[in-house]
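1. below are the sequence and a predicted model for it; my questions follow.
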Amino acid sequence: MNTRKTTPQAFLKTLSILHLALLAGPLLAAIFFYLNTEVNINGASNEIFIYVFPVIGLAGIFASKFLYQQFLKPLKQHELLQTKLAGLQTASLIQYAVVEGPALLNIVWFGQTGNLLYLTIGAVLLIYLFILRPTKTKVETDLELKGAHKRQFDKLDESLP
């Protein structure tokens, strides 16, 4: 049994590292494929993936936002801040993964075809994923921390009860 208590600062650091790790995979793939792929500006217009992959990218953005909100709803009523933070971490990881998947898919497909459209979609998804990075303010806002929970979370170096 783990008796070590979590601090808000440790929570933010852990979530930031997880976020960065999920961001790094597609980013490194994009750089690798861009440097090693012959770029094709005029992609085949009859290729069905020109329509499918942008839709998958948009679906990833909307699905990530929807799932994140669905995971957060029940957390707001919990009495323990530590439970709220654990749930937020799960919701955030799911949100990041749902955006990372379509980004990686588009980037890999760029590597296969050389069509810049797929790299552009992947880059937009990576920018969106970067914007989702965890911050103290975002955690407070998303969990609607007030009163005692906000004061606990503001004490970054103190263990949570």
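-> Sure, I can see it. Computed from a predicted model, the values in this text were never measured in an experiment.
2. helices or strands next to the longest helix anywhere in the chain in the packing?
-> Taking DSSP state H as the criterion, the chain has its longest helix at helix 81-113. Applying 3 or more CB pairs under 8 Å, 6 or more residues apart in numbering; DSSP states H and E, one finds that helix 81-113 contacts helix 8-36, helix 49-75, helix 116-131, helix 136-142, helix 147-154. Backbone N, C-alpha and C define where each C-beta goes, glycine included.
3. skip the chain neighbours and tell me the closest residue to the residue nearest the centre of the chain.
-> When CA atoms, centre = their mean is applied to the chain, the residue found nearest the centroid is Y96 (2.3 Å). Closest residue to Y96 apart from its sequence neighbours, by CB to CB, 6 or more residues apart in numbering: L22 at 4.6 Å.
4. surely that neighbour and Q95 touch.
-> No - using CB atoms under 8 Å, L22 makes no contact with Q95, being 9.9 Å away.
5. burial count for the residue nearest to Y96?
-> The number of residues packed near L22 is 22, by other CB atoms under 10 Å.
6. please apply the same query to the one 10 residues further on.
-> Under the neighbour criterion other CB under 10 Å, F32 is assigned a count of 12.
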